[in-house]
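Q: Show me how the following folds:
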Amino acid sequence: MSWKKDTVNDLHELLTGGETIAVIDIHGVPAAAMFGMRAELRSQMNIQVAKKRLMKIAWERAGFDEGDLETLYASAVQPALVSSSQLNSFEMFSELKKTEAGRAAKPGDVAPHQIVVEKMDTGMPPGPIVGELNSVGIPAKIMGGSVQIQKRTVVLEEGDVFEGDLGMMLSKIGINPIVTGLRLCGTLEGGTLFEPSTLDIDYEQFEQDLIGYAAGAFNLACNITWFTSQTMPTILAKASREAMAVALEAAVATAETLPHLVGRAHTGALAVAGQLSPDALDDELATMLGAAADAAASAAAAVATSASEAPAEAEEEEEEEEEGGFDGLGSLFG
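A: Residues are numbered from 1 along each chain as shown. Here you go, the predicted structure:
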């Protein structure tokens with residue numbers, strides 16, 4: 001039939017027109033939502049739905065390994081082919097992940113993972129909901145004017161089938177376990193297959209890890225004196241500081257050390273002069289010692305003032321609190 005040939009040709013063009021090839025599962029996605037998702041993603045990737053047999057023919061015609069297609073098909077209920085010349089596998093996963101949203105489980109749906117209801121306050125007012133929750137195996141009770149789940153309960157294991165009103169009751173307490181959207185089953189890029197678990201990366205944590213690794217490598221390189229364009233400024237600055245310290249201790253006179261050495265000698269001279277009799281000092285030394293004594297006294301007075309003000313402020317606060325307390329007692333007795 002001509003439409004089948006046209007479909008295979010379209011699929012072949014899709015497979016050979018992109019660097020990243022993928023299979024997605026569109027099972028459970030309403031038609032209207034599917035049209036909207038395709039329109040939003042059209043600028044970044046091409047999506048085409050077809051029968052598996054036609055996809056297989058186009059896949060083999062494009063020169064790809066049939067085993068890779070079977071691997072990609074493994075987790076798909078209703079597969080579709082995707083290709084992109086703009087996005088790599090990780091970027092494609094991130095874009096498709098944005099289309100996913102949870103919905104309430106219907107009778108016949110399969111639990112994608114273990115369904116657990118935690119002990120919690122639902123915030124719902126008392127009503128028939130208590131009996132409805134208990135009827136599906138979720139222990140509920142009215143406490144403090146609201147409906148509360150009494151204990152952590154596993155209602156379904158992965159692979160179990162939803163029956164009756166269980167899905168609806170779970171939705172009422174905020175649990176919508178069935179994910180709908182364009183779920184990526186895997187990609188083929190540069191001859192390498194990528195599984196969704198490999199592509200699902202926490203980029204914020206990944207960035208923090210990279211920053212930590214880079215900082216650790218930089219510190220190690222500086223500590224072992226590994227010369228690079230990045231470490232040289234830090235290593236030279238550290239060497240300069242250490243050389244200055246050695247020169248000062250050895251009293252080596254240079255343009256850089258002289259101000260420090262003179263300042264240290266001046267301080268030592270004043271300390272010695274302070275131990276001498278006032279009669280042994282000339283006018284210049286006496287003036288310098290007097291200035292130093294005044295500066296020390298001013299500093300001591302400032303410290304004493306700040307120390308004395310602190311208890312006064314504390315006492316004022318205590319008085320205010322006591323007055324407030326008596327006002328409160330007076331208001332109780334009128």
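Q: now the residue lying closest to T254 once chain neighbours are set aside: how far from A237?
A: Once flanking residues are discounted, T254 sits nearest to A247: 6.6 Å by Cβ to Cβ, 6 or more residues apart in numbering. Where C-beta positions appear, they are placed from N, C-alpha and C, glycine not excepted. Distance, A247 to A237, by Cβ to Cβ, to the nearest Å: 16 Å.
Q: if you count what's nearby, which of the two comes out ahead?
A: Legend: neighbour count by other Cβ atoms under 10 Å for A247 and A237, higher for A247 (16 against 11).
Q: so what does the helix or strand harbouring that one touch, helix or strand wise?
A: Using DSSP states H and E, A247 falls within helix 232-249. If contacts are counted by 3 or more Cβ pairs under 8 Å, 6 or more residues apart in numbering; DSSP states H and E, helix 232-249 sits against helix 203-223, helix 258-274.
Q: avg pLDDT for the first one?
A: Looking back up the chat, that one is helix 203-223. Helix 203-223 shows a mean pLDDT of 92.
Q: buried residues in it?
A: Neighbour counts over helix 203-223 (16 or more other Cβ atoms under 10 Å) mark 221-222 as buried.
Q: Check stretch 121-132 too.
A: Those would be 122, 124, 129-130, for stretch 121-132 by 16+ other Cβ under 10 Å.
Q: Span of that stretch from start to end?
A: Start-to-end span of stretch 121-132 (Cα to Cα, to the nearest Å) is 16 Å.
Q: what's it in contact with?
A: For stretch 121-132, contacts defined as Cβ atoms under 8 Å, 6 or more residues apart in numbering pick out 140-149, 165, 169, 172-173.
Q: Please, where are all the helices along the protein?
A: Ranges of helices within the chain are 2-16, 31-41, 52-61, 66-73, 89-97, 129-135, 166-172, 196-199, 203-223, 232-249, 258-274, 283-332, based on DSSP state H.
Q: For the stretch 1-150 of the chain, give me the ranges with low pLDDT.
A: Applying pLDDT under 70 to the stretch 1-150 of the chain flags the ranges 1.
Q: hmm, 80 instead?
A: Low-confidence segments of the stretch 1-150 of the chain (pLDDT under 80): 1, 28.
Q: Domain map for the protein?
A: The record assigns the chain these domain ranges, following automatic domain parsing: 2-100+181-201, 115-175, 282-332.
Q: Can you tell me which of the ones you listed is packed in deepest?
A: Using mean count of other Cβ atoms under 10 Å, the stretch among the domains of the chain with the largest mean neighbour count is domain 2-100+181-201, at a mean of 17.
Q: could I get the helices of the chain as CSV with distance to R183?
A: Putting the helices of the chain into CSV (distance: least, Cβ to Cβ, whole Å) gives the following:
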stretch, distance to R183
helix 2-16, 19
helix 31-41, 12
helix 52-61, 17
helix 66-73, 12
helix 89-97, 7
helix 129-135, 30
helix 166-172, 19
helix 196-199, 8
helix 203-223, 20
helix 232-249, 48
helix 258-274, 70
helix 283-332, 62
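Q: Let me know which of these is the nearest to E118.
A: helix 166-172 (12.0 Å; Cβ to Cβ).
Q: From what I see, I115 and P177 are in contact.
A: Yes: at 5.6 Å, I115 counts as touching P177 under the criterion of Cβ atoms under 8 Å.
Q: got any residues that touch both of the two?
A: L170.
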